[in-house]
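# A predicted structure for the sequence below; I have some questions about it.
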Amino acid sequence: MGNLAHSWQVYAVCFFAAIGGFCFGYDTGIISGVLTMKHFINLMTDGTQIELTSLQTGTITGLLLAGCFVGALVASPSAEYFSRKRSIILGSCIFMVGAGIQCGTRGYAMMIVGRAIAGIGIGMLSMLIPLYQSELAPKEIRGRLISLQQFMITTGLMVAFWVNVGGDKIDSDASFRIPLGIQIAPALILALGASFLPYSPRWLVSKNRNEEALTVLANLHANGDKTSPYVVQEYEDIVHQIEYERSVAVTSYLELLKPGLRRRLILGILIQVFQQFTGINSIMYYAPKIFQQAGIDGNSASLIASGVNGVLNMLATIPAIVYLDRLGRRMTLISGALLMGTCMLLAGIVMGACGEVNPDPAHPGSGDKVVDMSGNKAASYFCIVMIYFFVAGFAYSWGPVGWVYPAEIFPVSVRSKGNSIATAANWLMNFVISEIVPVMLSKITWGTYIFFGCCCGVMSVCVYIFFPETKGRSLEEMDSVFTGSVFAFRAQAAPNIGTVEINATEKVESKEEF
Ligand code: BGC
């Protein structure tokens, strides 16, 4: 039975859906290189500037994130009404339109419109893919399957980085049009291929299409055998749960604020906010600058340092794919936060102790500062190694689990709503971080790392106290996981479940207290 539950079909479907993650990673990664390309700057400024102003770069990057925020929110009604599957197709199509506009841009206005539209597509996909994967995945490997999205995000980031390196060598508008246009290909593959993907069985049951749901479950988990005990059990659990949810009418956004669900909403939002406050994007967005500050001189050296960073980010996601369902969400998050926090603190302390803080020569008289580590090679290499460990720490923990946890904790009737709000919180904080980090780097320099190091420390404590373990639990069992004390460390370890049968009456009696 166990083997049946892990059929290749479910891996194939979840991996295919994760192409949406590739678009996410590629589009967020490609822009940093494009913004510095001379032909791009020329077009954006009608040849009047040799560099974009910070307002221009801020608008081009910020509008994508604003679009993502909106996309994450609109994806929920779409997922409920049109289905998860059709919404993935819609998200991919919107993304293609945005990417097409960017690729064919004739100037600044068109570019920012393209960014905002592409953002809506990415925001939708970033919320829909984990939601869809969570509803298809067998509980024993749900963490692994949703982690595939993070793997594809990091693959997209890495590919974007190297495409930028190649694009930079072209001496025409193609230098930026090719990198911006390439992303249409994976989105097209996703849009076309997704029409062959199954509907989410949970969504089908919620629309009274029970027979189709049973067929999907059988195809995914038992090579079409509708009588397989695993399939029958899962089907019955889903039907019971949805009947129960109908009986208590949990459907509106406001329900998320009621005692039964408020705790999950808070934890879902918190995990996404925390994911951004690990400081990962302070590294991902500003890596070349940081590596230069840490003492790597010359363009090609900092290019290599950033390229290695991208490859490491991708490879270090693999342990999550392999071990997340064994280690559990709590252990992964706590260990990741402790590792990242330690690295950030050590990097900050060493930079502060060994580096020289000077006025920024690029902005004289502005009060902006830079750290110069060139006087102490050993210390500067130490900081770079710390940054690498930090990125690896994120890649196996908060990167994937940030997407896994909110997608799995809500009851089906409000799962898309809850996950969409949590995802929107991630994009909002992504925007905040992208705005504050450059200011922090130029005002408090190494203090930036101390700040994020402390954030990671706080997160590890919060997870220990408040976040219950969800590994190995079916989506239908989440009500019981979040019932009782808000102090997660007091909760009993999850039983190694076959499936715990909880009927509707028991659930009503055991509603959460918080
Ligand atoms: C985060 C992104 C980040 C990426 C880095 C994702 O999980 O949401 O903000 O840039 O991981 O790998």
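Right, received. Where do you want to start?

# who in the protein is up against the ligand?
150, 153-154, 157, 275, 280-281, 284, 313, 399, 402, 426, 430 (Cβ under 6 Å from any ligand atom). From N, CA and C alone the C-beta is placed, and that goes for glycine too.

# Quick check: the farthest pair among these?
Greatest spatial distance among the residues of the chain next to the ligand (Cβ to Cβ): 313 and 426, at 17.1 Å.

# returning to what we had before: of the residues of the chain next to the ligand, the lowest pLDDT goes to which?
Across these, the bottom pLDDT score, 87, is held by residue 284.

# quick one: it and residue 156 touch, right?
No - using Cβ atoms under 8 Å, residue 284 is not in contact with residue 156, being 11.8 Å away.

# Need the residues touching each of the two.
Residues touching both residue 284 and residue 156 (Cβ atoms under 8 Å, 6 or more residues apart in numbering): residue 29.

# what residues are up against residue 295?
372-374, 376-377, 379-381, 383-384.

# Neighbour-wise, which one of the residues you listed leads?
Tallying neighbours with other Cβ atoms under 10 Å puts residue 383 at the head of the contacts of residue 295, with 29 neighbours.

# Check the secondary structure at the residue of the chain positioned farthest from its centre for me.
Relative to the mean C-alpha coordinate of the chain, counting by Cα atoms, centre = their mean, the farthest residue is residue 365 (38.7 Å). Counting by DSSP: H, G, I helix; E, B strand; the rest coil, the backbone at residue 365 sits in coil.

# Okay, it and residue 359: tell me how far apart.
In this view, residue 365 and residue 359 are 8 Å apart by Cβ to Cβ, to the nearest Å.

# State the helix or strand in which the closest residue to the ligand within the stretch 351-500 of the chain lies.
The stretch 351-500 of the chain approaches the ligand most closely through residue 399 (4.3 Å), counting by Cβ to the nearest ligand atom. Element membership of residue 399 [criterion: DSSP states H and E] is helix 398-408.

# just checking, what packs against that helix?
helix 108-136, helix 142-167, helix 259-277, helix 318-327, helix 329-354, helix 412-443 (3 or more Cβ pairs under 8 Å, 6 or more residues apart in numbering; DSSP states H and E).

# Using JSON lines, lay out those helices together with mean neighbour count.
Putting these into JSON lines (neighbours: other Cβ atoms under 10 Å) gives the following:
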{"stretch": "helix 108-136", "mean neighbour count": "26"}
{"stretch": "helix 142-167", "mean neighbour count": "24"}
{"stretch": "helix 259-277", "mean neighbour count": "21"}
{"stretch": "helix 318-327", "mean neighbour count": "18"}
{"stretch": "helix 329-354", "mean neighbour count": "21"}
{"stretch": "helix 412-443", "mean neighbour count": "22"}
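
# Unless I misread the structure, residue 473 falls within a helix.
No - Residue 473: not assigned to a helix; according to three-state DSSP it is coil.

# Give me the spatial nearest neighbour of it, chain neighbours excluded.
Nearest residue to residue 473, sequence neighbours excluded (Cβ to Cβ, 6 or more residues apart in numbering): residue 481, at 5.5 Å.

# Okay, residue 23 and the ligand: tell me how far apart.
13 Å (Cβ to the nearest ligand atom, to the nearest Å).

# go on, residue 178?
23 Å.

# hang on, that residue packs against residue 172?
No - using Cβ under 8 Å as the test, residue 178 is too far from residue 172 to be in contact (9.9 Å).

# Take the helices and strands packed on helix 398-408 and lay them out in TSV including distance to residue 221.
Listed next are those as TSV, based on distance: least, Cβ to Cβ, whole Å:
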stretch	distance to residue 221
helix 108-136	9
helix 142-167	13
helix 259-277	26
helix 318-327	16
helix 329-354	23
helix 412-443	18
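
# if we compare those, which one ends up closest to residue 58?
Between these, helix 412-443 lies closest to residue 58; by Cβ to Cβ that is 7.3 Å.

# buried ones in the very next helix or strand once past that closest one?
Later in the chain than helix 412-443, the nearest helix or strand by DSSP H and E is helix 447-466. Going by neighbour count (16 or more other Cβ atoms under 10 Å), the buried part of helix 447-466 is 448-453, 455-457, 459-460, 462-463.

# mind listing what the residue of the stretch 201-350 of the chain found nearest the ligand touches?
Of all residues in the stretch 201-350 of the chain, the one sitting closest to the ligand is residue 284 (4.6 Å; Cβ to the nearest ligand atom). By Cβ under 8 Å, 6+ apart, residue 284 lies in contact with 29, 157, 313.

# will you turn those into a markdown table that also has distance to residue 237?
Shown next, in a markdown table, are those (distance: Cβ to Cβ, whole Å):
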| residue | distance to residue 237 |
| --- | --- |
| 29 | 40 |
| 157 | 37 |
| 313 | 37 |
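
# which residues touch the residue nearest the centre of the chain?
By Cα atoms, centre = their mean, the chain has its centre lying nearest to residue 403, at 5.4 Å. Going by Cβ under 8 Å, 6+ apart, residue 403 touches 126, 130, 146-147, 149-150.

# Can you say which two of those residues are spatially most distant?
Taking Cβ to Cβ as the measure, those span a maximum distance of 14.3 Å, between 126 and 147.

# follow-up on the earlier one: how close does the residue of the stretch 351-500 of the chain closest to the ligand sit to residue 426?
The spacing between residue 399 and residue 426, counted by Cβ to Cβ, is 11 Å.

# ok now do the residue lying closest to residue 334 once chain neighbours are set aside, which residues does it touch?
Leaving aside its sequence neighbours, residue 334 sits nearest to residue 460 (Cβ to Cβ, 6+ apart; 4.9 Å). By Cβ under 8 Å, 6+ apart, the contact list for residue 460 reads 333-334, 337-338, 341.

# try it again with 6 Å
By Cβ atoms under 6 Å, 6 or more residues apart in numbering, residue 460 lies in contact with 334, 337-338.

# Quick check: it vs residue 453, distance?
When distance is defined by Cβ to Cβ, residue 460 is 11 Å away from residue 453.

# next one: residue 277
11 Å.

# List the contacts of the residue in the stretch 1-150 of the chain that the ligand sits nearest to.
Closest contact between the stretch 1-150 of the chain and the ligand, by Cβ to the nearest ligand atom, is at residue 150 (5.4 Å). Residues counted as contacts of residue 150 (Cβ under 6 Å, 6+ apart) are 317, 399-400.
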